[in-house]
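*Asks:* Here's my sequence, what's the structure:
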Amino acid sequence: MFRRSVEKGSSGRKTAFLAATATFSLFVIAALVAAWSVFYAPGPSARQGEVTIVTLPSGAGVSAIAANLKAAGVIRSTDMFKAAASITGADRKLRAGEYEVPSGASLRSVLALLVSGKVVRHYVTIPEGWSSAQAVDILMREPILTGAVDEVPEEGTLWPDTYEISRGETRASLIARMQRARDDNLDRLWATRGPNSVVRTLDEAVILASIVEKETAVAAERPRVAGVFSNRLRMGMRLESDPTIVYGITKGRPLGRGLRRSEIDAHTDWNTYQIDGLPPTPIANPGRDAIAAVLNPPTTEDIFFVADGTGGHAFARTYPEHLANVARWRAIERRRQGLPPEPATPATPGAAPDGAPAGVPPGVNVPAGAQVIRIPQQPAPSQGAAQ
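*Replies:* Numbers count the residues shown, from 1 in each chain. Down below sits the predicted model:
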């Protein structure tokens, strides 16, 4: 009797244990199915557009990242995200940066994206030969940058290049980066300065390079233009660079038209038709090639150049050669404007106050008795005309 009661009790406990085990197993299975469905099921829709921008700060922990994603509407549960990240090992592989999460992305897809490191990359380019004012304009138009620019950086202190930027970076910090890059690159370039260079300081190098940069858009011409200006400085000739006139008028903004005769004749601190030597500051932010050209100009006898109609320039050693190049350029301009050829004008003898033929720039020696061709007065030249 006692044995049957014991056996009956033991059987009941076994049945209850099996039932509890089955219930627990069903619960675990249900939980796993639920977790599985959450892991693979579509996530929240983007609040706006087809993607949601999220940023993982460098050094952020899983909890902070989960909270960030939840606030952005990318995931539904921070706990589920942390659990999934822990189970899959993603919590040790999450990579900082900016991501575009597609609308409705599953938890699995979100984790895979954050582990992949396929961050959104943003770039901003400051072209060679652009002024500091123009560079600030570029930065102000970049929507992912923040903060104002209280003061335009000094001319010539920014390094033209393409910079990677991150969302929320301040414009001031990017300008500081550009200035550090300029100093670093300038120091390296200065170490290559050759004996043919006329510049004596880093500041002079940047000033002259900025003029070279603005005078030609043809990279292969920069050394030759640097050679012309170096020769003029050695001879005591004025540089007579049109872009320096423009800078004196606009301080780095485009003029939007050709120069007027009154502007060529007007004195400003930058007008190299009116001042001797270099202007007081650069007129743009020169790039590597222009700086390298003034630090190692070629040996040349050229002292003139003028546009040749192809986008480049015709160079000359003597004033008569230059005047012939100018005449060809004027003829090209007239053809482009649909005007008839200009009637030939005979040479007019005469002497300048210093004894040189009329129209010859100071410091240019013309052999005695040489005929100087005179070009009739034209409308004010546009930027990049005869030099």
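*Asks:* what's near enough to touch residue 57?
*Replies:* Residues in contact with residue 57 (Cβ atoms under 8 Å, 6 or more residues apart in numbering) are 64, 96. Yep, even glycine has a C-beta here, placed from its N, CA and C like the rest.
*Asks:* mind checking how far it is from residue 104?
*Replies:* 25 Å (Cβ to Cβ, to the nearest Å).
*Asks:* Burial check on the residue nearest to residue 307 when sequence neighbours are not counted, number of neighbours?
*Replies:* Once flanking residues are discounted, residue 307 sits nearest to residue 329: 5.3 Å by Cβ to Cβ, 6 or more residues apart in numbering. Neighbour count for residue 329, taken as other Cβ atoms under 10 Å: 19.
*Asks:* What of residue 104?
*Replies:* Residue 104 has 13 nearby residues by other Cβ under 10 Å.
*Asks:* who touches it in this structure?
*Replies:* Residues in contact with residue 104 (Cβ under 8 Å, 6+ apart) are 42, 43, 44, 45, 46.
*Asks:* So for these, which is the shakiest by pLDDT?
*Replies:* Lowest pLDDT of those: residue 43, 81.
*Asks:* In the stretch 201-350 of the chain, where is pLDDT below threshold?
*Replies:* Filtered on pLDDT under 70, the stretch 201-350 of the chain yields the residue ranges 343-350.
*Asks:* repeat that with 50
*Replies:* 346-350 (pLDDT under 50).
*Asks:* surely residue 296 meets residue 196?
*Replies:* Yes. Here residue 296 lies in contact with residue 196, judged by Cβ atoms under 8 Å, at a distance of 6.7 Å.
*Asks:* which of the residues in stretch 78-86 are buried?
*Replies:* 78, 80, 81, 82, 83, 84, 85 (16 or more other Cβ atoms under 10 Å).
*Asks:* my bad, stretch 266-282
*Replies:* Within stretch 266-282, the residues scored as buried using 16+ other Cβ under 10 Å are 268, 270, 271, 272, 273, 274, 275, 278, 279, 281, 282.
*Asks:* how about the second one, what does it touch?
*Replies:* Neighbour list for residue 270: 244, 245, 247, 248, 279, 280, 281, 283 [criterion: Cβ under 8 Å, 6+ apart].
*Asks:* and the residues you listed as JSON lines, adding secondary structure?
*Replies:* What follows is these, written out as JSON lines (DSSP: H, G, I helix; E, B strand; the rest coil):
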{"residue": "244", "secondary structure": "helix"}
{"residue": "245", "secondary structure": "helix"}
{"residue": "247", "secondary structure": "helix"}
{"residue": "248", "secondary structure": "helix"}
{"residue": "279", "secondary structure": "coil"}
{"residue": "280", "secondary structure": "coil"}
{"residue": "281", "secondary structure": "coil"}
{"residue": "283", "secondary structure": "coil"}
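*Asks:* Kindly indicate which of these lies nearest residue 121.
*Replies:* Among the contacts of residue 270, residue 283 lies closest to residue 121 (Cβ to Cβ), at 32.7 Å.
*Asks:* Now do the contacts for the closest one.
*Replies:* Applying Cβ under 8 Å, 6+ apart, the residues near residue 283 are 131, 155, 207, 210, 211, 214, 243, 244, 246, 247, 252, 270.
*Asks:* among these, who's most crowded?
*Replies:* Neighbour counts for those, by other Cβ under 10 Å, peak at residue 210, which reaches 31 neighbours.
*Asks:* what about the helices in the stretch 51-200 of the chain?
*Replies:* Ranges of helices in the stretch 51-200 of the chain, per DSSP state H, counting those that start in this stretch, are 62-72, 78-88, 107-116, 132-140, 171-190.
*Asks:* For these, give me TSV that also has distance to residue 320.
*Replies:* Output for the helices of the stretch 51-200 of the chain, formatted as TSV (distance: least, Cβ to Cβ, whole Å):
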stretch	distance to residue 320
helix 62-72	72
helix 78-88	80
helix 107-116	68
helix 132-140	39
helix 171-190	37
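*Asks:* Out of those, which is closest to residue 303?
*Replies:* Between the helices of the stretch 51-200 of the chain, helix 171-190 lies closest to residue 303; by Cβ to Cβ that is 25.3 Å.
*Asks:* Quick one: list the elements packing against that closest one.
*Replies:* If contacts are counted by 3 or more Cβ pairs under 8 Å, 6 or more residues apart in numbering; DSSP states H and E, helix 171-190 sits against helix 132-140, strand 162-165, helix 202-215, helix 288-295.
*Asks:* Could you find the closest non-adjacent residue to residue 154?
*Replies:* Spatial nearest neighbour of residue 154, excluding adjacent residues (Cβ to Cβ, 6+ apart): residue 132 at 6.8 Å.
*Asks:* tell me the pLDDT at the one you found?
*Replies:* 97.
*Asks:* so it makes contact with residue 282?
*Replies:* No. Counting by Cβ under 8 Å, residue 132 does not reach residue 282; the two are 9.0 Å apart.
*Asks:* list residues touching both of these two?
*Replies:* In contact with both residue 132 and residue 282: 155, 156, using Cβ under 8 Å, 6+ apart.
*Asks:* among the contacts of residue 283, which two are most distant?
*Replies:* Greatest spacing in those, by Cβ to Cβ: 207 and 246 (15.3 Å).
*Asks:* gap between residue 224 and residue 209?
*Replies:* Residue 224 sits 14 Å away from residue 209, taking Cβ to Cβ as the criterion.
*Asks:* Tell me which of these two has more neighbours.
*Replies:* Neighbour tally, residue 224 and residue 209, criterion other Cβ under 10 Å: the higher count belongs to residue 209, 32 against 20.
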